[in-house]
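Novice: I would like to see how this sequence folds:
(one chain, ligands or ions: 1)
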Amino acid sequence: MSEEVKKGLLGIVVDETEVSKVMPEINSLTYRGYAVQDLCEFCRFEEAAYLILKGDLPNSIELRQFEKIERGHRDLSKNLYEIIKHMPKKSHPMDVARTAVSVMGLEDKETTDNSQEANTRKALRILAKTPTALAAFYRIRKGKKIIKPKKELTFAENFFYMCFGKVPQKEIVKAFDVSLILYAEHSFNVSTFTARTITSSLSDIHGAITGAIASLKGPLHGGANEEVMHMMNKIKKPENALKWINNALKKKEVVMGFGHRVYKSGDSRVPTMKAYFKKVAKLKKDKKFLKIYDIVEKVMISKKNIHPNVDYPTGPTYHLMGFDTDFFTPIFVISRITGWSAHIMEQHSSNKLIRPLAKYKGSKYRKVMLLNQR
Ligand code: COA
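Specialist: Residues are numbered from 1 along each chain as shown. Below is the predicted model of the structure:
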């Protein structure tokens, strides 16, 4: 057996999937065969969620049924609201999301049923409840009253409503919805692979999603959208951007929101998200971050040939929408629950325990000496 080490599983194909296809050579991404750009243009997030979970776009009756179930599961148990109220106010909301999904697993009657039918039902419950848990924490830590979900609102509208008490203008909701569609699925990224690895021991969907949230939190993965905002806040104004980025490159710093393990000449999701970032900046009459965005991007491409990834435009877009910076990655979570769930179900349907090998480089064989002889 070859002992060649492939750090980070670089270039290794570990399984097959029908959920999405990333095509870096043509900067393209499809969910179940549909281009994400088309899904963003013609669908709401709920339709994309249905597609990812069930394999096909819904017709209007199927969508209505799907939404009825999702909306019906949005509210949390009294117990979970209480637990969230007692969480330290300084907790990172990603840790709150992770804990909330874990508690949902304790409360779900079907936790141990790993059938496709039960998993589909559980996925929808997790998708419906996680935004409520996050919004409740959003309000509680600001000393505000929790706002319960509203059944007549779409998934995106309801999240704004639960966080801010109102739904913004439709262009803002659309931009948010587009970001959810773009974040929903991306093949074998690290959090999805984490979810599949957990699943491969025949563990359950709540556990797999809990682990995936922990994985997404890291700044090299989902956490990058928050880091982008910290970077933009450090830069402060467009006049500082050129000096800042040149200095960062001189110091060989990792510039957040740039680079990708798979895309090497541009992330397929960026042009769509950038267009919506521009729309939001125009509506909010605040183009400061857009100008910083362009300057940093230009230098990164011209000097390093490193292109932005989707976290680069989503960070400042969420900021302009009014979300706290540490809520950017949790927004990624509420969308990616769909992709994770589809992969968890795919893993269950043709499972093989994921168990790679390691090349040992520790001490040679040693004999244990008795305590008084060491
Ligand atoms: N800023 C500065 N340099 C970067 C960079 C970035 N964001 N991304 C990659 N590079 C450099 C690396 O330092 C490396 O340079 P070297 O060959 O001189 O050592 C080269 O580009 C190749 O990158 P590599 O580290 O092999 O890419 P990877 O596939 O292992 O890493 C990421 C991909 C995403 C981890 C990496 O690009 C990164 O850390 N980006 C910032 C975090 C981020 O935005 N994550 C979200 C991803 S969707």
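
Novice: gap between residue 121 and the ligand?
Specialist: Here the criterion is Cβ to the nearest ligand atom, to the nearest Å. By it, residue 121 lies 31 Å from the ligand. C-beta here means a position set from N, CA and C on the backbone, and glycine is covered the same way.

Novice: give me the nearest residue to that residue, chain neighbours excluded.
Specialist: Closest residue to residue 121 apart from its sequence neighbours, by Cβ to Cβ, 6 or more residues apart in numbering: residue 110 at 6.5 Å.

Novice: which SS class is that neighbour?
Specialist: coil (DSSP: H, G, I helix; E, B strand; the rest coil).

Novice: contact residues of this structure facing the ligand?
Specialist: With Cβ under 6 Å from any ligand atom as the criterion, the chain meets the ligand at residues 220-221, 224, 254-261, 306, 309, 311.

Novice: now a ChimeraX select for only the buried ones of these.
Specialist: Selection of the buried residues among the residues of the chain next to the ligand in ChimeraX, burial being defined by 16 or more other Cβ atoms under 10 Å:
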select :221,224,255,256,257,258,259,260,261,306,309,311
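
Novice: what's the span of stretch 305-313, first residue to last?
Specialist: Criterion Cα to Cα, to the nearest Å; first-to-last residue distance in stretch 305-313 is 18 Å.

Novice: how about the contacts made by the residue in the chain that the ligand sits nearest to?
Specialist: Taking Cβ to the nearest ligand atom as the measure, the point where the chain comes nearest the ligand is residue 259, at 2.2 Å. By Cβ atoms under 8 Å, 6 or more residues apart in numbering, the contact list for residue 259 reads 306-307, 309.

Novice: will you turn these into TSV that also has secondary structure and pLDDT?
Specialist: Putting the contacts of residue 259 into TSV (DSSP: H, G, I helix; E, B strand; the rest coil; pLDDT from 0 to 100) gives the following:
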residue	secondary structure	pLDDT
306	coil	97
307	coil	97
309	coil	96
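
Novice: burial count for the residue lying closest to residue 196 once chain neighbours are set aside?
Specialist: Among residues not flanking residue 196 along the chain, residue 347 sits closest, at 4.6 Å (Cβ to Cβ, 6+ apart). As a burial measure, residue 347 scores 22 neighbours (other Cβ atoms under 10 Å).

Novice: ok, now residue 170?
Specialist: So residue 170, with other Cβ under 10 Å, has 10 neighbours.

Novice: that older thread, secondary structure class for the residue nearest to residue 196?
Specialist: Residue 347 is classified as helix under three-state DSSP.

Novice: list the residues that contact it.
Specialist: 15, 195-196, 199-200.

Novice: against residue 331, how distant is it?
Specialist: 25 Å (Cβ to Cβ, to the nearest Å).

Novice: name the helix or strand for residue 29, please.
Specialist: strand 28-31 (DSSP states H and E).

Novice: quick one: mean pLDDT for that strand?
Specialist: Summarised as a single mean, pLDDT over strand 28-31 is 95.

Novice: so what are the sheet partners of it and their directions?
Specialist: The strands beside strand 28-31 in its sheet (DSSP bridges) come out as strand 20-23 (antiparallel), strand 34-35 (antiparallel).

Novice: number of nearby residues for the nearest residue in space to residue 244 that is not next to it in sequence?
Specialist: Nearest non-adjacent residue to residue 244, counting by Cβ to Cβ, 6+ apart: residue 235, 4.8 Å away. The tally of other residues near residue 235 (other Cβ under 10 Å) stands at 21.

Novice: surely residue 235 and residue 243 touch.
Specialist: No. Counting by Cβ atoms under 8 Å, residue 235 sits too far from residue 243 to count as a contact (9.1 Å).

Novice: now what about stretch 353-368, what contacts it?
Specialist: Against stretch 353-368 from outside (Cβ under 8 Å, 6+ apart): 1, 3, 5, 9, 14, 196-197, 200-201.

Novice: run the last query once more with 10 Å
Specialist: Contact with stretch 353-368 is made by 1-6, 9, 12, 14-15, 193, 196-202, 347, 374, as judged by Cβ atoms under 10 Å, 6 or more residues apart in numbering.

Novice: inside helices: which ones of these?
Specialist: The helices, defined by DSSP state H, take in 193, 196-199, 347 from the contacts of stretch 353-368.

Novice: reformat the residues you listed as JSON lines; add distance to residue 293 and pLDDT.
Specialist: As requested, the ones in helices among the contacts of stretch 353-368 are exported to JSON lines (distance: Cβ to Cβ, whole Å; pLDDT from 0 to 100):
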{"residue": "193", "distance to residue 293": "30", "pLDDT": "98"}
{"residue": "196", "distance to residue 293": "34", "pLDDT": "98"}
{"residue": "197", "distance to residue 293": "35", "pLDDT": "98"}
{"residue": "198", "distance to residue 293": "36", "pLDDT": "98"}
{"residue": "199", "distance to residue 293": "37", "pLDDT": "98"}
{"residue": "347", "distance to residue 293": "37", "pLDDT": "98"}
